[in-house]
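Asker: this one's structure only:
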């Protein structure tokens, strides 16, 4: 790739740049004036490269990483959102048939073909907007067979052309399903038994929604440790609405990430920093909260790695654009564009514990985006900067 006007690698910026790709990996990136004549074991002579892409002087970055999303569902809850914005309480919405359980009911009643097509279309929106890796949670079947089918669905979609890379997260501990009313302990034991099956089906992580009305800190500890023993990375919805000890458990268990963190205080932040837990924040869904945004500046000052996510879900936030999330994080959290971009690339890689993406450096996956801009400052201006071209593993994604 040549004639890159501005190359943001994740760690550095250079002008008039070039990138060399071999198979699905980057072998060199930097100023075109420093382009090597050969790369031992890869290219004997630079004039013999198979293909040259002229990027027209534009801005190039690594593919973005969405570290928190819920794309596996059917139906919508738009009527519920209208009620909420008109002042209806959670109990009134539930009485009208809304809430997470309404999505569970619709998702369970949707045939696999229709469900798969819906998820496929959503994921395609992510990659066309420049997001080449998506953390995707289950959590709307809440049965063993349904949750495992969702994991297999995500794994199968990842193998299709023009799909992002998928980090599949097992979120059976989303809420207590209605058929387990009054049998809370039975459901927790069931999820523990399913964790090994989820790993075998292709899940990368286990997540627990630890909050009022969901699962307690002690329940989260038990479930996350069970998942880790099954080989799953641990992550947690923490301090979204109330402080019930979730961030402390995330640090104790050694979660890869603690997510949302709207109510996190300084003690929580210290614990996350000490344990090396990445903080994944989601400005899109935070906009729907009456509470102050997550204390992201304090997290950075304490040395916590910050990642960004859309928190795409049927009941609160329909965003599939990480460029929009970057713009929102600059406005809501006071991040610089560079800090926000880093959170959407290297921060996301840290949240998912993957070391082969998030930057444009030798050995990294050739997940690359050419943007409709000539400077990264455009992310703070456009609120949804357009991706002109996207490559996953060096292969162009077709619009």
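Answerer: Nice, thanks for sending it over. Note that this is a predicted model, so its numbers are computed, not measured.
Asker: strands of the stretch 201-350 of the chain, start to end?
Answerer: Counting by DSSP state E, counting those that start in this stretch, the stretch 201-350 of the chain has strands at residues 205-210, 233-238, 257-260, 278-281, 306-308.
Asker: quick one: closest of the ones you listed to residue 346.
Answerer: Closest approach to residue 346 among these (C-beta to C-beta): strand 306-308, 8.7 Å. From N, CA and C alone the C-beta is placed, and that goes for glycine too.
Asker: and what about the closest residue to residue 348 other than its chain neighbours, helix, strand or coil?
Answerer: Using C-beta to C-beta, 6 or more residues apart in numbering and skipping residues adjacent in sequence, the residue nearest residue 348 is residue 65, 2.8 Å away. Secondary structure state of residue 65, per DSSP: H, G, I helix; E, B strand; the rest coil, is strand.
Asker: okay, residue 65: pLDDT?
Answerer: Residue 65 is assigned a predicted lDDT (pLDDT) of 99.
Asker: tally up the residues packed near it, please.
Answerer: Residue 65 sits with 31 neighbouring residues when counted by other C-beta atoms under 10 Å.
Asker: count the neighbours of residue 215 for me.
Answerer: So residue 215, with other C-beta under 10 Å, has 27 neighbours.
Asker: that one touches residue 208, doesn't it?
Answerer: Yes: counting by C-beta atoms under 8 Å, residue 215 does reach residue 208; the two are 5.5 Å apart.
Asker: common neighbours of the two, please.
Answerer: The contact sets of residue 215 and residue 208 overlap at 173, 223 (C-beta atoms under 8 Å, 6 or more residues apart in numbering).
Asker: right, and residue 223 touches residue 190 too?
Answerer: No: between residue 223 and residue 190 there is no contact under C-beta under 8 Å: 10.7 Å.
Asker: so those two - more neighbours on which side?
Answerer: The residue with more neighbours, out of residue 223 and residue 190, is residue 223; 26 against 16, by other C-beta under 10 Å.
Asker: show me the contacts for that one.
Answerer: Counting by C-beta under 8 Å, 6+ apart, residue 223 has contacts 173, 188, 191-192, 195, 206, 208, 215.
Asker: from residue 363, how far out is it?
Answerer: For residue 223, the distance to residue 363 (C-beta to C-beta, to the nearest Å) stands at 35 Å.
Asker: what is the rounded mean pLDDT of stretch 21-33?
Answerer: For stretch 21-33, the mean pLDDT works out to 94.
Asker: now do it: everything it contacts.
Answerer: Here stretch 21-33 has contacts from 1-4, 7, 9, 14-20, 35-36, 39, 42-43, 360-366, 393-395, using C-beta under 8 Å, 6+ apart.
Asker: buried set for it?
Answerer: Across stretch 21-33, burial judged by 16 or more other C-beta atoms under 10 Å covers 21-22, 25-30, 32.
Asker: these: which two are farthest apart?
Answerer: The most widely separated members of the buried residues of stretch 21-33 are 25 and 32, with 19.7 Å between them, by C-beta to C-beta.
Asker: just to revisit the earlier point, wait, which of the strands of the stretch 201-350 of the chain is closest to residue 129?
Answerer: Closest to residue 129 of the strands of the stretch 201-350 of the chain, according to C-beta to C-beta: strand 306-308, at 13.4 Å.
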